[in-house]
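>>> model this:
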Amino acid sequence: MNRIKEKLRKRTRRHLRTRQKVFGTNERPRLSVYRSLKHIYCQIINDIEGKTLVAASTQSPDICEQIRYGGNVKAAEIVGKKIAEEAKKKGITKVVFDKGGYKFHGRIKALAESARKHNLSF
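As a prediction, this is how the structure comes out:
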């Protein structure tokens, strides 16, 4: 149990360290990613106003019917595509990527590359 708490504490510290440098503005809001074992969540946030502009996750009804399981790379790619489409509707083309203290590989990388492929630049 202590090992799990230690991993969470380390990830939280990495995320806080990153958040000191990564800040979402009106021109470039922050694309924040959270990953659990079963799902992946992302949201585009304007940190100046403290508001979430766009959000997508594997628990969204339209994404949930496309996938069988939310904790894999395929699901992350679909969420990346969805967040890019929703951002485009709101007029957001440039964001700052916040990987949430996770390594940039696997599901995090798949979400980022999918969002980039669908014209969201960061």
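>>> Can you get me the start-to-end distance on stretch 25-36?
Terminal residues of stretch 25-36 are spaced 27 Å apart (CA to CA, to the nearest Å).
>>> got the buried residues for that stretch?
28-35 (16 or more other CB atoms under 10 Å). C-beta: built from backbone N, CA, C; applies to glycine.
>>> got it, and stretch 3-22?
Result for stretch 3-22 [16+ other CB under 10 Å]: buried residues 15, 22.
>>> chain center to that stretch: distance?
Stretch 3-22 has its C-alpha centroid displaced from the chain centroid by 16 Å (CA atoms, centre = their mean, to the nearest Å).
>>> Run through the residues that contact Tyr117.
That one is not Tyr; residue 117 is Lys. Shown in contact with Lys117 (CB atoms under 8 Å, 6 or more residues apart in numbering): 80-81, 84.
>>> Might you report the residue contacts of the residue most central in space within the chain?
The chain has Val33 as the residue nearest its centroid, 2.5 Å off, counting by CA atoms, centre = their mean. Contacts for Val33 (CB under 8 Å, 6+ apart) come out as 40-42, 97-100, 102, 108, 111-112.
>>> Of the residues you listed, which belong to helices?
108, 111-112 (DSSP state H).
>>> that older thread, partner residues bridging the residue nearest to the centre of the chain?
With DSSP bridges as the criterion, the beta-bridge partners of Val33 are Cys42.
>>> Quickly note the distance from it to Ala115.
Val33 sits 10 Å away from Ala115, taking CB to CB, to the nearest Å as the criterion.
>>> and if you look at Leu53?
Distance from Leu53 to Ala115, counting by CB to CB: 14 Å.
>>> can you map out the strands along this protein?
Using DSSP state E, the strands found in the chain span residues 30-35, 40-46, 51-57, 96-98.
>>> And the average pLDDT for the last one is what?
In this model, strand 96-98 has an average pLDDT of 97.
>>> what pairs with that strand, and is each one parallel or antiparallel?
strand 30-35 (parallel).
>>> between the strand it pairs with and strand 51-57, how big is the angle?
Using axes from the mean of the first three to the mean of the last three CA atoms, to 10 degrees, the inter-axis angle of strand 30-35 relative to strand 51-57 is 40 degrees.
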